[in-house]
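Trainee: Generate a structure from the sequence data that follows.
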Amino acid sequence: MESRILVTKKDDRILTIKIEDDKIVSIQAESAESSGILGNVYVGKVRNVVKNINAAFVEFREGKMGYLSLKKYSDSIHTDGVPYQEGRVLIGDEIIVQVEREAVKTKPPTLSGTINLPGKYTVLISGDAGISISSKIKDKDKRDRLHDILEKYVSNEYGFIARTNSEDIDDETFENEIKYLAEKYSKMVKYGCHKARFNCLYEAPPGYISSIRDSYSEEITDIITDNEDIYGKIHEFMEQSQKTEINKLTLWNPENGKLDAVYNVSRIIEHALMPKVWLKSGAYIIIQSTEALVSIDVNTGKAISKKKDVEKNFLKVNLEAAKEIARQLRLRNLSGIIIIDFIDMKTEEYNSRLMDCLRQELSKDPVRTVVVDMTKLGLVEVTRKKVRKSLYEQLQVND
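Mentor: Residues are numbered from 1 along each chain as shown. Next up, the predicted model:
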């Protein structure tokens, strides 16, 4: 599957658009004026500890509070130099935390005491001396090679994950990135213990840079932008981190028309903010977000067959809807609990085919998405990990 990444500026937002098989499958919007907080590392101050939910609320920027689960909180760093111990988190403690998830609706940002520093080929994870290899790398010899290299660099302070992009990377490039991440982490910890609260110890790159870094290299054929400043920043990043792929970067030629118009960006965004999505068959789906969950309803609409085998027609509509729903979840960046009400089918074989199709389509999503089950009422439960705000929230004027 070939894909391309477009980066363009629209009003006060920078849009990062991913296209797969000539269809826009995801749009990420970020402020052009101010940087985001996702992935940033701060010296935070514990303002409250709530024992009954085993969590702490940490002020990581002046006036900005985050939620820190103490269940996952281990081997974290106090700026007083005292390592984390059971029961050590107290009101007033100053600790190093990373923003793991942006604020979603009324919920504050989620923080983590485990620091993740991602590169193109590997991720450094603090407090974990283990080694993990991407499940997408199937070849045993390649997995063993990557494991042997990483084993030389793990320590009591951190471990590593080999990303999918590392599958065919040469040893020297792989080891250089490992050393770079290890050095960055060591400096962060060393100097972080001497920094005052609310200091940012590590600023994650802009969203469009992260999207390029995190994309699977083998699939990306083009990286296109129509903004000279953005082109310069991407070029600088690729010179340092992805030099072999810099030929994929192109500055859009205005003689070819406006990038927005050629790729239909504004129209796709407009439709992605509407509740109704029409399918080619004449059926449609209704997508509605609430505080608790996202509900998706599939309707036959104009796709009513006059043939006797109505069940086959229902299956056809449901399969078409499943593919579009998987795309819409990515496009709108909908997350949390998702309930899908497909058209009821009595045939078990058809329901099984529908569930297989949905799982296959959702497996293409880079964000962890799980099909839980189909209930007795015929409702399909899906969960999608919350990382960023929905597209609707990202496009709001106020950050």
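
Trainee: all helices for the stretch 51-200 of the chain, in order.
Mentor: Per DSSP state H, counting those that start in this stretch, the stretch 51-200 of the chain carries helices over the ranges 140-151, 171-192.

Trainee: which one of these lies closest to residue 18?
Mentor: If you check each of the helices of the stretch 51-200 of the chain against residue 18 by Cβ to Cβ, helix 171-192 wins as the nearest, at 23.4 Å. From N, CA and C alone the C-beta is placed, and that goes for glycine too.

Trainee: List of residues touching that closest one?
Mentor: Residues from elsewhere that reach helix 171-192 (Cβ atoms under 8 Å, 6 or more residues apart in numbering): 41, 43, 77, 79, 96, 115, 117, 119-124, 126, 145-146, 149-150, 153, 155, 157-158, 160, 166, 199, 201-202, 241.

Trainee: Narrow those residues to just the buried residues.
Mentor: Among those, the ones that count as buried by 16 or more other Cβ atoms under 10 Å are 41, 43, 77, 79, 96, 115, 117, 119-124, 126, 145-146, 149-150, 153, 157-158, 160, 166, 199, 201-202, 241.

Trainee: Now name the helix or strand holding the residue nearest the centre of the chain.
Mentor: Nearest to the geometric centre of the chain sits residue 367, at 5.1 Å (Cα atoms, centre = their mean). Element membership of residue 367, judged by DSSP states H and E, is empty: it is in no helix or strand.

Trainee: Now for the closest residue to it other than its chain neighbours: which residues touch it?
Mentor: Spatially, and ignoring its direct neighbours in sequence, residue 367 is nearest to residue 385 (5.4 Å; Cβ to Cβ, 6 or more residues apart in numbering). Applying Cβ under 8 Å, 6+ apart to residue 385 gives the contacts 335, 367-369.

Trainee: are any of those buried, and which?
Mentor: 335, 369.

Trainee: Isn't residue 203 up against residue 37?
Mentor: No: contact criterion Cβ atoms under 8 Å: residue 203 and residue 37 do not qualify, at 9.1 Å.

Trainee: more crowded one of these two?
Mentor: Set residue 203 next to residue 37 and count neighbours by other Cβ atoms under 10 Å: residue 37 wins out with 20 against 13.

Trainee: Give me the distance between that one and residue 194.
Mentor: According to Cβ to Cβ, to the nearest Å, residue 37 stands 22 Å off from residue 194.

Trainee: next one: residue 134
Mentor: With the distance defined as Cβ to Cβ, residue 134 ends up 36 Å from residue 194.

Trainee: ok, the two, which is more surrounded?
Mentor: Set residue 134 next to residue 194 and count neighbours by other Cβ under 10 Å: residue 134 wins out with 18 against 10.

Trainee: Hmm, residue 162 and that one touching each other?
Mentor: Yes: taking contacts as Cβ under 8 Å, residue 134 lies within contact range of residue 162: 6.0 Å.

Trainee: one step back: I'd like the helices of the stretch 51-200 of the chain as CSV, with mean pLDDT and distance to residue 255 appended.
Mentor: Formatted as CSV, the helices of the stretch 51-200 of the chain follow (pLDDT from 0 to 100; distance: least, Cβ to Cβ, whole Å):
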stretch, mean pLDDT, distance to residue 255
helix 140-151, 94, 44
helix 171-192, 92, 37
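
Trainee: got those helices as a markdown table, with distance to residue 51 columns?
Mentor: Formatted as a markdown table, these follow (distance: least, Cβ to Cβ, whole Å):
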| stretch | distance to residue 51 |
| --- | --- |
| helix 140-151 | 38 |
| helix 171-192 | 27 |
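
Trainee: and of the ones you listed, who's closest to residue 236?
Mentor: From these, taking Cβ to Cβ, the stretch that ends up closest is helix 171-192, at 15.9 Å.

Trainee: Can you list the buried residues in that closest one?
Mentor: Neighbour-count burial for helix 171-192 flags 173-175, 177-178, 180-182, 185, 188-189, 192 (criterion: 16+ other Cβ under 10 Å).

Trainee: and of the residues you listed, the nearest to residue 393?
Mentor: residue 188 (29.8 Å).

Trainee: before we move on, back to that, so which of the helices of the stretch 51-200 of the chain comes closest to residue 374?
Mentor: Taking the helices of the stretch 51-200 of the chain one by one with Cβ to Cβ, helix 140-151 is closest: 34.6 Å.

Trainee: hmm, who's touching the closest one?
Mentor: By Cβ under 8 Å, 6+ apart, helix 140-151 touches 122, 131, 133, 137, 159-160, 162, 166-168, 171, 174-175, 178.

Trainee: Kindly recompute the last result at 6 Å.
Mentor: Here helix 140-151 makes contact (Cβ atoms under 6 Å, 6 or more residues apart in numbering) with 131, 133, 137, 160, 162, 166-167, 174.

Trainee: And for stretch 22-36?
Mentor: 9, 12-18, 207, 268, 327, 330-331, 391, 394-395, 399.

Trainee: Give me the buried subset of those residues.
Mentor: 13-18, 207, 327, 330-331, 391, 394-395.

Trainee: from the buried residues of helix 171-192, which is closest to residue 256?
Mentor: Ranked by distance to residue 256 (Cβ to Cβ), these are led by residue 173 at 34.1 Å.

Trainee: any idea how far the closest one is from residue 120?
Mentor: Distance from residue 173 to residue 120, by Cβ to Cβ: 9 Å.
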